[in-house]
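Participant: generate coordinates for the sequence data below:
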Amino acid sequence: MHTTSHIAFLGGGNMATAIITGMIQQGGFAPSQITVVQRNAEQREFLNSRLGVNAVANLAAVTNSPDLWILAVKPQTMKDALRELTPILNAEQIVLSVAAGLTIETLRTWLGGHHKVVRTMPNTPALVGQGVTGIYAPLSIVNENEQVLINQVLGAIGTNVWLKTEQAIDAITAISGSGPAYVFYMMEHLISAARELGFNEHDARQLVQNTFSGAVALAKTSDDDIATLRDKVTSKGGTTAAAIAVFNERGVNQALIDGAKAATARAVAMSVELSK
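Facilitator: Below you'll find the model as predicted:
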C-alpha cells in the first residue's frame, strides 16, 4: 500500500464520495491521505465529519502536494476548474479524470499541456463497491508504481479494466457505464409485468431483484457461457421459450445491440461538444 501517498479530489459529489469511501473501507487508505476540494459547505461537512478526510473550500487551502489529482467535477464545469488547478500542478503529479466525454487531449489542453493525464470511466455500482472502471493512459506516461497506485484507488470500488486505446473508453461507456441503466430498465418493466400478473409492488420488486442478483451470481460461478445458461432454462415448448420467442419477435435482442451502439456514438459526439 502507498502509505505515504496523498490523493486529492477536485469535486466531492457522489462519485468522489463513493471512491473515497471505498479507499478508506476496502482500500486501506487513511483519511489523512485524502484531501477534497468541495465548494458546497454541507457536503464539506459530511466529508469531514463522516469520512474524516480533509475537505476544503478551494485550491488555496490544499497545503501539501498530491501524488494524484482526481477530477470529479461535472464535465460542463471542468474547463473553469482546471483553469484554477493548472498553476499549482507540477510535472510529476498524475491527473485522473472520472468525467464522461472529456478526452485526454482536451484535458491536457485545459491543463496547459500537462503530460500525466489518465482517463477513466467508472459506473454507478461503485456506490456499493461493485463498480467496473475502464482506465486508459499511454503506459509511457505512468510508471509501474503509478499504475499500482491507480489500481489501488479505483480497485477499492470494484473491478478495473485497463484499455488499450482511448477509443475503447467510448465503448466501455456504452456497456458498463450506461449498462446499469439498461438493467434497471429491464427490471422496471419486469416489475410492471409482475404487477399486471397480480403481485403487489413489494413482492414484484423482491421477485425481480432477487432473480437478477441470483442470475448474475450463477453466471459468475458457472463454467458455461451465457447462451448455454439461457438454454438450460429454456425447455423446448415451455414457458421460457414462449417468452423468448416474443422477445425475439419484437426485436429485443437487436434493440439491445443497437442501443449500445447508439450510446457509443453519443459518447463520441459528446467528446467533440465538450472540447469546445
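Participant: let's see the pLDDT reported for the residue nearest to the spatial centre of the chain.
Facilitator: Nearest to the mean C-alpha position of the chain, by C-alpha atoms, centre = their mean, lies Pro122 at 1.5 Å. Looking at Pro122, its pLDDT stands at 96.
Participant: how about it: what's its closest non-neighbour residue?
Facilitator: Once flanking residues are discounted, Pro122 sits nearest to Thr133: 4.2 Å by C-beta to C-beta, 6 or more residues apart in numbering. Any C-beta I mention is one placed from the backbone N, CA and C, and that applies to glycine too.
Participant: just give me the neighbour total for that neighbour.
Facilitator: 25 (other C-beta atoms under 10 Å).
Participant: distance-wise, check the residue lying farthest from the centre of the chain relative to Ile244.
Facilitator: For the chain, the largest distance from the centre (C-alpha atoms, centre = their mean) belongs to Gly237, which lies 40.8 Å off. Gly237 sits 12 Å away from Ile244, going by C-beta to C-beta, to the nearest Å.
Participant: let me see the ranges of the strands in this structure.
Facilitator: All strands of the chain, identified by DSSP state E, fall at 7-10, 34-37, 54-56, 68-71, 94-97, 117-121, 131-136, 158-162.
Participant: redo those strands as TSV? Include distance to Leu274.
Facilitator: Formatted as TSV, the strands of the chain follow (distance: least, C-beta to C-beta, whole Å):
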stretch	distance to Leu274
strand 7-10	16
strand 34-37	21
strand 54-56	27
strand 68-71	13
strand 94-97	11
strand 117-121	13
strand 131-136	17
strand 158-162	23
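Participant: nearest to Ala204, of the ones you listed?
Facilitator: Across these, Ala204 has its closest neighbour in strand 131-136 (27.0 Å, C-beta to C-beta).
Participant: what's the closest one in contact with?
Facilitator: 18, 104, 118-126, 150, 154, 157-163, 165-166, 168-169, 172-173, 176-177 (C-beta atoms under 8 Å, 6 or more residues apart in numbering).
Participant: now with 7 Å, please.
Facilitator: With contact meaning C-beta atoms under 7 Å, 6 or more residues apart in numbering, strand 131-136 is reached by 118-123, 125, 150, 154, 157-163, 166, 168-169, 172, 176.
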